[in-house]
Every structure is written in C-alpha cells, then in structure tokens.
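Student: structural data only, the sequence is not supplied:
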Ligand SMILES: NC(=O)c1ccc[n+]([C@@H]2O[C@H](COP(=O)([O-])OP(=O)(O)OC[C@H]3O[C@@H](n4cnc5c(N)ncnc54)[C@H](O)[C@@H]3O)[C@@H](O)[C@H]2O)c1
C-alpha cells in the first residue's frame with residue numbers, strides 16, 4: 001500500500017508533517033502538528049522500532065490528532081502534536097540524537113512542545129533541553145513538575161466519582177465494587193484514593209511484584225488472575241494497563257455498569273464504544289478521564305503551580321458530567337459526545353480568533 005501523505009492530512013485536518021534526519025546520531029524523527037487552533041501543539045515523543053517508515057508516519061498522524069482532542073477537552077490552550085523517533089529505545093539513544101531532535105523542535109519557533117512518551121524518559125530530554133526551550137516534563141531537578149502519574153490517578157479518581165454519579169445517582173464510592181486492571185504507576189495511586197473512600201476493590205496485574213505490593217499496602221483488597229478481571233462481578237471496571245481491552249472477546253464478559261480508567265485507547269475499535277452504549281455500560285472516554293498528566297505538564301508552560309494543576313485536574317469531574325449529559329440527551333455513545341464537545345470548543349475559539357486584537361502587553 002502506498003500512503004498518500006497529503007490525502008491523509010486532508011482527511012484528518014493535519015497542518016504540518018516534518019521529517020527530521022541527523023546523519024551522525026542516526027536520528028530519524030517525524031513531527032506531526034495536527035491542529036493549532038487553541039495554541040501551540042503539545043505532545044510527547046515516542047521512540048519505537050517501527051518496521052516501516054509508513055507505520056511510523058501513520059502512528060504520528062494518529063497520535064497527534066489524539067492530542068488535539070485531549071488538549072482541547074481538558075481545557076488547555078494547546079493544540080495537538082506528536083513526534084515519533086524510528087529506532088530501538090534500548091540501543092539507539094544518545095546525547096547527539098536527543099540534542100539533534102531538540103534543535104529541530106526549536107526550529108519550529110514555538111509551534112510545538114514535546115516531552116516523554118512510550119520509549120523515552122525525562123532524562124533523555126535533559127539533552128534536548130540544551131537545544132530547545134520547547135520541552136515539558138523534565139526531571140524535577142531540571143525544573144520539571146515531577147511524576148505525572150500521581151496527577152493522572154487523581155483525575156481518574158475524580159472521573160470515577162463522576163461516572164458513579166451518572167450511573168448510581170451518588171458520587172460516593174463507599175461500598176462500590178471496583179475491579180482495577182493494572183496497579184502500576186497510575187493504578188497504584190488510584191487504588192489509594194479508592195481505598196480511602198471505602199470502595200470494595202479487586203485488582204489484577206501481570207507483574208506479581210506490583211500486585212503483591214498493592215495487596216500488602218491496602219489490606220483487605222482482593223486479587224484475581226489477569227485474565228479473570230473481565231469476569232469480575234463489579235460496579236465499575238477500571239482499566240489501567242494496556243490499550244484495546246474493550247474488544248470482541250472481553251465486551252461479552254463484562255459484568256459492570258461502567259468502564260472508567262487511565263489506559264489509553266481502551267476501545268479496540270470505535271464500534272466497541274457503540275456496543276457499550278447499547279449494553280447500557282457507561283464508558284468514561286479515556287482521553288478525558290486520563291488527562292491529569294497532560295494538564296500537569298501543560299501547566300509547566302505557565303510557570304508550574306501544583307495547586308492550580310490539581311484544581312484543573314479535579315475539573316475532569318465536571319467535564320465528564322457534561323459529556324454524559326450530551327450522550328444522554330442525544331442518545332449517542334460517550335466517545336462521540338466527547339468528540340462533539342471538543343469540536344464545538346475548536347469551532348468557538350476559531351471563530352473568536354477571527355476578530356482583530358492588538359498585541360497584548
Ligand atoms: N502515567 C501517566 O501519567 C498516564 C497518563 C495517561 C494515560 N496513561 C495510561 O495509563 C496506563 C497505565 O500507565 P502507567 O504509567 O501506570 O503504566 P505502568 O507500566 O506503570 O503500569 C501498567 C501496569 O499494568 C500491568 N499490566 C500490563 N499488562 C497487563 C495485563 N494484561 N493485565 C494486568 N496487568 C497488566 C503492568 O504490569 C503494570 O503494573 C497506560 O495505558 C498509559 O498509557 C498513563
């Protein structure tokens with residue numbers, strides 16, 4: 001299959017695709033800027049051993065578009081962008097590679113800000129930051145805002161409360177049966193909140209170590225084998241591990257009233273969001289409920305203030321309530337309601353930007 005790049009850009013409304021190459025370090029990076037209606041594009045840098053350049057480009061196009069929606073729904077003034085580096089994150093990293101990337105990001109003059117994603121770490125960007133000001137999520141000792149998983153988990157907890165309110169009429173989680181898949185960086189901090197509120201928690205994790213730590217730290221919670229989590233009779237299923245967990249196999253097995261968790265790309269395909277809607281299982285759209293980490297790093301660009309970042313993250317509650325209302329009133333699946341909310345915000349802001357405004361001091 002031959003990819004027609006401009007056709008792809010036209011189909012999804014991308015603004016810019018930049019191919020970046022550095023001979024000495026071997027950097028091969030694609031930066032995609034999807035939409036800058038709200039402000040400069042923001043989105044992490046993924047490093048992955050892509051089999052083909054086409055696969056890398058498709059990933060960058062898809063992920064950058066996802067960032068437009070995530071930045072917009074979270075109420076930030078950033079557009080969507082993403083970088084993918086073609087290479088093995090275990091073997092191909094070097095100072096030169098990240099400094100070369102930093103210079104290319106800087107050359108975009110502030111149209112794009114980057115940071116970590118799958119395969120890259122905050123320390124990698126210490127090199128990039130020698131060449132560019134357009135980096136977020138540096139280690140704390142370099143001025144970054146620190147572990148964003150804690151903020152993400154806080155937002156997911158607020159999102160689960162909003163989901164409980166919509167389904168059960170109360171946002172108290174006391175006694176609610178919540179099945180948590182994955183107790184890693186986000187999942188562990190999430191169960192802390194759920195536990196403090198008196199939820200009835202069942203966990204699972206393919207990492208024995210992570211599961212045992214959770215069982216030890218939160219006495220009385222239960223655990224099941226990884227594959228059994230979909231069969232747990234519960235009120236809320238909370239995926240905090242991998243993507244595509246709502247698929248043809250699992251959707252038949254779910255015994256919950258709602259799905260609400262941090263994992264990215266939970267729906268294997270959009271139609272699985274339709275099926276959840278038909279089955280009366282309320283789905284908290286992943287890019288909305290897991291936006292806490294993004295809100296934190298976006299806040300760095302205003303001069304980081306933790307209290308403000310947490311306050312904005314707590315706002316995920318109201319954003320979800322609005323999405324549930326749109327879904328209810330129009331009888332559309334929640335993932336479509338979320339997209340509608342984003343598209344309305346982009347339309348509103350692009351309209352108001354049409355009038356002349358003298359430079360602000
Ligand atoms: N870290 C963040 O701030 C953040 C922000 C937004 C979204 N997310 C998403 O949330 C999810 C979790 O992120 P994280 O940072 O906690 O990652 P993590 O790697 O620290 O934790 C994931 C946990 O899931 C477990 N796991 C993997 N496959 C599993 C399976 N099949 N069954 C049960 N457990 C399994 C892993 O062993 C690990 O403990 C990911 O999908 C990530 O993309 C994270």
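Tutor: Alright, I've got the coordinates. None of these values were measured; they are calculated from a predicted model.
Student: can you name the residue of the stretch 51-200 of the chain nearest the ligand?
Tutor: Proximity of the stretch 51-200 of the chain to the ligand (CB to the nearest ligand atom) peaks at residue 184, 1.8 Å away. (Each C-beta comes from the backbone N, C-alpha and C, glycine too.)
Student: name the helix or strand for the closest residue in space to that residue that isn't next to it in sequence, please.
Tutor: Excluding its sequence neighbours, the residue lying closest to residue 184 (CB to CB, 6 or more residues apart in numbering) is residue 210, at 5.9 Å. Taking DSSP states H and E as the definition, one finds residue 210 inside helix 208-217.
Student: off-centre distance for that helix?
Tutor: Counting by CA atoms, centre = their mean, to the nearest Å, helix 208-217 is centred 25 Å from the centre of its parent chain.
Student: can you pull the buried residues of it?
Tutor: 210, 211, 214, 215 (16 or more other CB atoms under 10 Å).
Student: so what's the second one up against?
Tutor: Put plainly, it is residue 211. Contacts for residue 211 (CB atoms under 8 Å, 6 or more residues apart in numbering) come out as 183, 203, 204, 205, 223.
Student: if I look at the fourth one, how far off is residue 155?
Tutor: Between residue 205 and residue 155 the distance, using CB to CB, to the nearest Å, works out to 21 Å.
Student: compare the two and say which is more crowded by neighbours.
Tutor: Just comparing residue 205 and residue 155: by other CB atoms under 10 Å the higher neighbour count belongs to residue 155, 31 against 24.
Student: isn't that one up against residue 296?
Tutor: No. Between residue 155 and residue 296 there is no contact under CB atoms under 8 Å: 9.3 Å.
Student: spit out the residues that contact those two alike.
Tutor: By CB under 8 Å, 6+ apart, the residues touching both residue 155 and residue 296 are residue 313.
Student: ok so, going back, can you count the residues close to the residue of the stretch 51-200 of the chain closest to the ligand?
Tutor: 16.
Student: that one against residue 207, yeah?
Tutor: Yes. Counting by CB under 8 Å, residue 184 touches residue 207, with 7.4 Å between them.
Student: now do the contacts for the residue nearest to residue 184.
Tutor: Per CB under 8 Å, 6+ apart, neighbours of residue 210: 183, 184, 187, 188.
Student: ok, 10 Å please
Tutor: 182, 183, 184, 185, 187, 188, 203, 204 (CB atoms under 10 Å, 6 or more residues apart in numbering).
Student: which residues do residue 184 and residue 207 both contact?
Tutor: residue 241.
Student: per-residue pLDDT, residue 91?
Tutor: For residue 91, the pLDDT comes out at 96.
Student: what's around it, how many residues?
Tutor: Residues within reach of residue 91, counting by other CB under 10 Å, total 8.
Student: helix or strand: which one has it?
Tutor: With DSSP H and E as the test, residue 91 turns up in no helix or strand.
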